[in-house]
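> next comes the sequence, and after it the predicted model I'd like to discuss.
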Amino acid sequence: MESKEHTLSILVENTPGVLSQVSRLFSRKGYNIDSIASGATEDPKVTRITIVMNGDDATIEQLAAQLRKLLCVISVKVLSTEDAVQRELVLVKVKAETKDKRDEVLQIVSVFRASVVDISRETLTISILGDENKAGALMDLLADFGLMEVVRTGIIAIERGVRTIYEDTKESGEFNYGKNVL
Amino acid sequence: MINGAQVLMESLKREGVERIFGYAGATICPAVDALAATDIAYTLVRTEQNAGHMASGYARMMGRPGVCMVTSGPGATNLITGIATAYMDSIPMVAITGQVQSYLLGRDIFQEVDITGACAPFTKHSYLVKDANDIPRVVKEAFHIASTGRQGPVLIDIPIDIQQQMIDPVYPDSVDIRGYKPSVKGNDVQIKRVAEAISAAQKPLLCVGGGLFSAHAQAELVALCEGARIPVVTTMMGLGLLPTDHPLNLGMIGAFGTPTANRALNTTDLLIIAGARAADRAVTSPKEIASRTKTVHLDVDPAEIGKNFSTTVPVVGDVKVILGQLISHRPRAQSDAWIADLQARRQAEPRPAAAPGAGSVTPSYLMHALGEKLGDDACVCVDVGQNQIWAAKHLPMKHGRFLTTGGLGTMGYSLPAALGVKAAVPDRQVAVVCGDGSFQMFENELATLKAMDADVKLVMVHNGVLGLVHQIQFSSYSGPFGVDLTGSPDFEALAAAYGIPSARIADDGQVDAAIDAMLTQSGPYLLICDVDPMATTSST
């Protein structure tokens, strides 16, 4: 089967060691995480982890099933790029030692609707919010000036429309976990 | 006010715990002290790993979690293999470990290890208790988690200062864990699809595993296979679900299975896997089978669906409940011709025969004779290696149990498991089948056997080598290396040192009389059977 990028949204109890429990499962089952982002939700007792990884559909389904076996996991949802809004924040420090170069960078930044968050005589630090493609395209252009440092938050994602991850919790009864349907 | 250790014991009693297998050490002393004041029985093992195996054997007979309790550091790390074995065999267990003072955690002090971290890959869940007030809830949750859904081991790590903390305990009546809601009932629509598939099938086949023992679903299996006319094959963990001579039982599948069982697996038009994960040893080419035939998978663990086998119709739930639901549809396959053909093939399979005068014991004949002579409901605890394969292939089962570690394959499992079995069901006949290699992995537990004065009969196939590796080295590598058991003791003298009677035989002509003599004795006994080191699992 075809291997492609998948986004996994995972709701977990906010308890000590929960992130390591989740990430350990990936290494134990032999899967690589492309990006991972984690933070509290509207309920401080619940953390939402977003993981991006590559794999075929069957692999992702198996992994989601394994994740659901962890007691700290409340809900797992595989989000597709079409049905979900994805965002990532990237901070880029780029060399710009002359005014010409600074102007050039500022122009690119404005086209991408990114913003400059720090400036020095020799550098510009740029923040860009967007999906992976947008950040990638910007970094491509900035690479000409010399990338000094890049830091990314990892992708976070949320479903479009009225659907939420809470429809798929173990408590909500007959969802994929016990629906017996592949 | 009582201390955390007393709260622990009271919590265990409330879960119906009657026995603990363990090994004391500094950080578990408060719990041992509290245990001494209860009527919970205690068995001291000789190494912590075997406390796990004993709890496993005990749990498999009691149908509820076995409990083992050891100290921190090396006690806990020694127990890891016992926990991992239970995990791979899906055996309910609650393992309790002592831990260094909670305020010293992380400083690498004497006998400190991160045991919950180390055991994460092979525990169903684990707890590090940091407040004695949590103990009643943690214990209640641990027993619930270990014994429901897909069963398995749960670890509770309790620092010594928490065991000594004085509290007024509050014991919960029920458990509610947000992240743990195992399915019980199968989906009705899916069940109906399975029933229809059975009625439409001409060559249906049930492949059953250890999950049916866990679910106590033997009666449902008999009702379904007989009522719907479906022949049955088993995995190693499923041996004994049906008597060997049941007309619909085709025996074990897999690399070490019967020709008829494997033929059925390769020609079926509807394969129903129930309570089995059908891993590599059982099904060597799952893709090929799944591409050719319709497959149904009944399992309590949704993550098993599609893991080793792609499935046409999955049903998730308690397999006893699911089989009951299926039976209520009264499916009936058009399978008379298929069954007649398979039964004829099964009848034509060669029978183990004695070859007296050869100067060694024929393993297949030994297992056959042992199975024939054991009582109707005997429990046979089988180790790992050639002895396991020979027993699985040739030891006829009646209404007893075949207890082995089919998942992790831990050498040295058999005797400690047998001691757990004996503790659970003292009135049933218990036998051990092992090799001279596996014997030397558990021989320290001969002391526990003696201390319990348990009526356990040990049958050792003795060939002076690590037989199964020896065999593989001949067939697939450059030859035997590092498998010669030179230096092994005189096993009869060793048994005598523990006050255990023994006998040694080296010919098929002695087999029947030797087994009879062993079984008429009361108390522990060791029968050493010299087999040819070149005998393989495929030869007889």
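Now that the structure is in, tell me what you want to look at.
> any chance you could list what contacts the longest strand belonging to chain A?
In chain A, taking DSSP state E as the definition, the longest strand is strand A:84-95. By Cβ atoms under 8 Å, 6 or more residues apart in numbering or on different chains, the surrounding residues in contact with strand A:84-95 are A:7, A:35, A:79, A:101, A:105, A:117-118, A:122-132, A:135, A:138-139, A:142, A:145-160. Using the backbone N, CA and C atoms, a C-beta is placed for each residue, glycine as well.
> again, 7 Å this time
Under the criterion Cβ atoms under 7 Å, 6 or more residues apart in numbering or on different chains, residues A:7, A:105, A:122-132, A:135, A:139, A:142, A:145-160 lie in contact with strand A:84-95.
> distance between stretch B:498-516 and the chain's centre?
On the basis of Cα atoms, centre = their mean, to the nearest Å, stretch B:498-516 sits 27 Å off its chain's mean C-alpha point.
> can you name the next helix or strand after the longest strand of chain A?
helix A:99-111 (DSSP states H and E).
> quick one: mean pLDDT for that next one?
For helix A:99-111, the mean pLDDT works out to 93.
> what helices or strands is it leaning on?
When contacts are defined as 3 or more Cβ pairs under 7 Å, 6 or more residues apart in numbering or on different chains; DSSP states H and E, helix A:99-111 packs onto strand A:115-119, strand A:123-130, helix A:132-142.
> quick one: buried residues of that helix?
A:101-102, A:105-106, A:108-109 (16 or more other Cβ atoms under 10 Å in any protein chain shown).
> mind checking how far the most centrally placed residue in chain A is from chain B?
Geometric centre of chain A, nearest residue: residue A:155, 1.6 Å, by Cα atoms, centre = their mean. Using Cβ to the nearest Cβ, to the nearest Å, residue A:155 is found at 24 Å from chain B.
> show me what contacts that residue?
In this structure, residue A:155 makes contact with A:7, A:35, A:37, A:50, A:52, A:86, A:88, A:132, judged by Cβ under 7 Å, 6+ apart.
> I'd guessed residue B:186 sits against residue B:315; true?
Yes. Using Cβ atoms under 7 Å, residue B:186 is in contact with residue B:315, at 4.3 Å.
> which one of those two has more residues nearby?
The neighbour comparison of residue B:186 against residue B:315 (other Cβ atoms under 10 Å in any protein chain shown) goes to residue B:315, with 29 against 25.
> surely that one is in a strand?
Yes. Counting by DSSP: H, G, I helix; E, B strand; the rest coil, residue B:315 falls inside a strand.
> low-confidence ranges in chain B?
B:539-540 (pLDDT under 70).
> one more: chain A?
In chain A, residues with pLDDT under 70: A:1, A:171-182.
> ok, 90 please
A:1-5, A:15-17, A:20, A:27-32, A:55-59, A:61-62, A:80-83, A:130-136, A:163, A:165-182 (pLDDT under 90).
> how is it divided into domains?
Annotated domains of chain A cover A:4-83+A:160-179, A:85-156 [automatic domain parsing].
> with distance to residue B:176 as added columns, please give these in JSON lines.
Formatted as JSON lines, the domains of chain A follow (distance: least, Cβ to Cβ, whole Å):
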{"stretch": "domain A:4-83+A:160-179", "distance to residue B:176": "10"}
{"stretch": "domain A:85-156", "distance to residue B:176": "30"}
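> what about the residue nearest to the centre of chain A, distance to residue B:523?
In this view, residue A:155 and residue B:523 are 67 Å apart by Cβ to Cβ, to the nearest Å.
> ok, now residue B:209?
34 Å.
> more neighbours: which of these two?
Remark: of residue B:209 and residue B:523, residue B:209 carries more neighbours, 27 against 14, as counted by other Cβ under 10 Å.
> quick check on residue B:141: phi, psi?
Here is the backbone geometry of residue B:141 (degrees, to the nearest 10): phi -60, psi -40.
> return the residues in contact with it.
B:175, B:177.
> let's go with 8 Å and repeat that
With contact taken as Cβ under 8 Å, 6+ apart, residue B:141 is in contact with B:125, B:127, B:175, B:177.
> and residue B:358, by the same measure?
B:507-508, B:532.
> out of those residues, grab the one that's most surrounded.
residue B:508 (21 neighbours).
> on the three-state scheme, the closest residue to that residue other than its chain neighbours is what?
Distance criterion Cβ to Cβ, 6 or more residues apart in numbering or on different chains; nearest residue to residue B:508, sequence neighbours excluded, is residue B:354 at 4.0 Å. With three-state DSSP as the basis, residue B:354 sits in coil.
> can you get me a residue count around residue B:354?
18.
> that older thread, ranking the helices and strands packed on helix A:99-111 by burial, who's on top?
Stretch with highest mean neighbour count among the helices and strands packed on helix A:99-111: strand A:123-130 (a mean of 19; mean count of other Cβ atoms under 10 Å in any protein chain shown).
> partner strands of that strand, with direction?
Using DSSP bridges, the strands paired with strand A:123-130 are strand A:84-95 (antiparallel), strand A:115-119 (antiparallel).
> in JSON lines: these, plus distance to residue B:240.
Output for the strands paired with strand A:123-130, formatted as JSON lines (distance: least, Cβ to Cβ, whole Å):
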{"stretch": "strand A:84-95", "distance to residue B:240": "50"}
{"stretch": "strand A:115-119", "distance to residue B:240": "69"}
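> and those strands, which is most packed in?
Most buried of the strands paired with strand A:123-130 by mean neighbour count (mean count of other Cβ under 10 Å) is strand A:84-95; its value is a mean of 18.
> run the chain-centre distance for it.
Counting by Cα atoms, centre = their mean, strand A:84-95 comes out at 10 Å from the chain centroid.
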